[in-house]
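Novice: Provided below for reference: sequence and predicted model.
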Amino acid sequence: MPRVRTALAVGLLAVLIAAAFVLPVPGPGDVRSWALGAGAAAPLLMFVTYVVATIVPIPRTVFSLASGLLLGPLLGVLVAMSATALSSVLGFGLARWVGRGLVARHWDKAAVRAVDEKLTGGGWLAVASLRMIPVVPFTPMNYCCGVSSVRLLPFLAGTVLGSLPGTTAAVLIGDTLTGFGNPTALIVSGACALIGATGLLLVIRRSPPTAPPPLCNQCGLRCEKRYESHIGCTNGAGA
């Protein structure tokens, strides 16, 4: 069986290589023309594909580039950022719904607790700083924030603010492939990485004015409501 699978993989690769030489490959300008001719279907299809694909660990940059190539700079940024926001919320919610119970036994470990406290204490700034660093993967970060004590609104705000510069740069690079874009987007991308790393360093080194509240026995988060250790969340299950 391993030999059969290897032979099939080699055969498929050979077919793809042969097709690349035989079949006509449309250029970036042809792809843009097709998208313009498709009307509203092109941005809608791009949005749905972007959201679905980035819920699983597929690099988001690929779809940001595709948005710029297909839709141009303005519509490309709008579609890419809208899809980024929705995909991040879906990943965050999925991880919080499914994942918190799976990682609950690790909350007593010092390293896990320290990361959770830094991320929670940093709020939207911590999330935004991480989003601005290109090497930090988009989908795994959604999941990590989902199982942490970070609240949804700071997470979403940090995601939108932190993702906007890098996403804009990627869309502009995609638009450049058609011959009409501006190559200075590469400089923007590098500047985003530097700013994000600086912000993350400030979050890590900043000492919180007060210790974060303990994990609530009812809602499972670092509840901001009034807390009593022998009761739990005195205002309901995280309400």
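Specialist: It's in.

Novice: Show me the helices in the chain, by range?
Specialist: All helices of the chain, identified by DSSP state H, fall at 2-22, 28-38, 41-55, 60-71, 73-94, 100-103, 110-131, 138-147, 152-176, 185-205.

Novice: can you give me the mean pLDDT across the second one?
Specialist: Confidence over helix 28-38, taken as the mean pLDDT, stands at 67.

Novice: ok, now the last one?
Specialist: Taken as a whole, helix 185-205 has a mean pLDDT of 60.

Novice: what does the shortest one give?
Specialist: Helix 100-103 comes out with an average pLDDT of 68.

Novice: The fifth one too?
Specialist: Within the predicted structure, the mean pLDDT of helix 73-94 is 93.

Novice: Give the other helices and strands that it contacts.
Specialist: helix 41-55, helix 60-71, helix 138-147, helix 152-176 (3 or more Cβ pairs under 8 Å, 6 or more residues apart in numbering; DSSP states H and E). Every C-beta, even on glycine, is put in place using the N, C-alpha and C of the backbone.

Novice: can you count the residues close to G39?
Specialist: Neighbour count for G39, taken as other Cβ atoms under 10 Å: 9.

Novice: Over to L74?
Specialist: There are 10 residues near L74, going by other Cβ under 10 Å.

Novice: Now do the contacts for it.
Specialist: Applying Cβ atoms under 8 Å, 6 or more residues apart in numbering to L74 gives no contacts.

Novice: domain parsing for this structure?
Specialist: 24-208, 214-239 (automatic domain parsing).

Novice: Measure how buried A114 is and give me the count.
Specialist: By other Cβ under 10 Å, the residues close to A114 number 10.

Novice: Which phi and psi values does P59 adopt?
Specialist: Per-residue torsions, P59: phi -50, psi 130 (degrees, to the nearest 10).

Novice: neighbours around V160, how many?
Specialist: V160 has 19 neighbouring residues, counting by other Cβ under 10 Å.
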